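[1] task: produce atomic coordinates for the following.
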Amino acid sequence: MKAVITGISGQDGYFLSKLLLSKGYEVHGVLRRNSSMTNGTVAHLPEDIRKQIIIHYGDITDGNFLSNLLGKERPEEIYHLAAQSFVGYSFQNALSTYDANIGGTLNVCNAIKDYSPDTRMYFAATSELFGQPKEKPQNENTPFLPRSPYAVSKLAGLWTVRTYRDAYKLYMTNGILFNHESEVRGPEFVTRKISLGVANIYRGSGMPIMLGNLDAKKDWGYAEDYVRGMWLMMQQDYPDDFVLGTGEQHTVREFAEEAFRVIGINITWKGSGVNEVGLSDDGKTMVKVSRDFYRPLESDNYMADYSKAKNKLGWEPRVKFRELVKLMVESDIKRMNNE
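    Predicted structure coming up:
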């Protein structure tokens with residue numbers, strides 16, 4: 001079996017490449033070339049795993065590149081993970097977000113249709129499609145009401161995949177994945193910002209963690225569980241769309257509290273809004289709020305109903321909230337101690 005992973009340098013590419021190699025796949029990864037020739041999370045893989053991955057340097061916004069790649073390799077599977085995936089940045093630069101997430105996805109679909117129609121495709125959709133849902137939990141039938149350029153672009157990608165699947169009878173599946181985190185999550189994401197900040201404080205830093213909306217409600221799981229779900233979606237007799245999540249809802253405030261609890265610090269909150277602070281028992285400021293980290297439109301109240309994935313794929317999350325937070329904080333502390 002041969003698989004191509006676009007966006008292999010990201011968090012999910014890290015775990016997915018390990019999973020596929022463990023199952024005997026020949027793994028090809030698409031990387032966008034940069035001046036420093038950095039390979040993102042691929043560089044963190046053990047050498048014996050890293051050297052098995054065949055890297056193709058290119059850009060998903062280049063349709064000719066993707067057509068040539070799929071025409072030459074004709075993989076059994078392609079996992080389309082590449083995207084501009086930071087919601088906050090999508091408000092600052094919607095055009096580049098649309099170019100990558102809509103145009104790039106269209107290029108992948110066209111390359112499959114024209115050059116490798118037997119290739120099965122996984123598209124990384126997102127719970128951000130639901131916007132600010134009034135009902136919970138959310139499942140595959142919950143209305144989509146995107147509230148960011150990122151979410152709009154992912155909705156266009158999801159419908160592009162559905163349209164090509166139906167029109168050309170291609171095996172294309174959408175994974176509507178709720179927030180999934182890990183020890184290799186990018187530092188710009190709030191969960192990793194918290195785990196890194198707590199690790200720094202554990203090592204003596206006096207700098208508080210700067211956060212945005214502490215009341216945002218998310219369904220957080222572990223990325224390693226979710227890539228297993230991606231693979232299962234690709235092994236079915238017929239393509240379909242699936243929600244993956246934990247079915248638990250927690251606020252950013254809870255994530256911060258749990259992270260500090262890992263290092264033995266209890267957090268007490270005082271004030272409200274941008275004036276709210278998180279204090280340790282000895283009165284030191286551990287968390288501050290900055291308006292700079294608020295989104296123009298908030299999207300939260302997320303809680304997944306993953307019953308379809310459970311019933312049809314046999315998938316369930318193995319790592320729940322507290323274990324995830326502990327894993328991330330302890331990993332960052334260990335990494336800093338080894339530097």
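
[2] just give the nearest non-adjacent residue to residue 100, would you?
    residue 84 (4.6 Å; CB to CB, 6 or more residues apart in numbering). From N, CA and C alone the C-beta is placed, and that goes for glycine too.

[3] tell me the SS of that neighbour?
    Put simply, residue 84 is coil when judged by DSSP: H, G, I helix; E, B strand; the rest coil.

[4] what separation do you get for it and residue 238?
    Note on residue 84: its distance to residue 238, by CB to CB, to the nearest Å, is 31 Å.

[5] ok, residue 43 next?
    From residue 43 across to residue 238, the span is 37 Å (CB to CB).

[6] the more surrounded of the two?
    Just comparing residue 43 and residue 238: by other CB atoms under 10 Å the higher neighbour count belongs to residue 43, 10 against 7.

[7] and that one, what are its phi and psi?
    Main-chain torsions, residue 43, degrees, to the nearest 10: phi -70, psi -20.

[8] now do the helices in the stretch 151-300 of the chain.
    Assignment of helices within the stretch 151-300 of the chain using DSSP state H, counting those that start in this stretch yields the ranges 190-202, 223-233, 252-262.

[9] next, the angle helix 252-262 makes with the first one.
    An angle of 30 degrees separates the directions of helix 190-202 and helix 252-262 when computed by axes from the mean of the first three to the mean of the last three CA atoms, to 10 degrees.

[10] that older thread, tell me which of the helices of the stretch 151-300 of the chain sits nearest to residue 158.
    Nearest to residue 158 among those is helix 223-233; the distance by CB to CB comes to 13.5 Å.

[11] pLDDT on the closest one, on average?
    Helix 223-233 shows a mean pLDDT of 98.

[12] which strands and helices sit next to the worst-scoring helix or strand of the chain on mean pLDDT?
    Within the chain, confidence by mean pLDDT, DSSP states H and E is lowest for helix 47-50 among all helices and strands, at a mean of 86. Here helix 47-50 touches helix 11-22, going by 3 or more CB pairs under 8 Å, 6 or more residues apart in numbering; DSSP states H and E.

[13] where does the prediction get shaky in this protein?
    Along the chain, segments meeting pLDDT under 70 span 34-39.

[14] before we move on, back to that, right, and the helix or strand after the least confident helix or strand of the chain?
    Going down the chain from helix 47-50, the next helix or strand is strand 54-57, by DSSP states H and E.

[15] perfect, that will be all.
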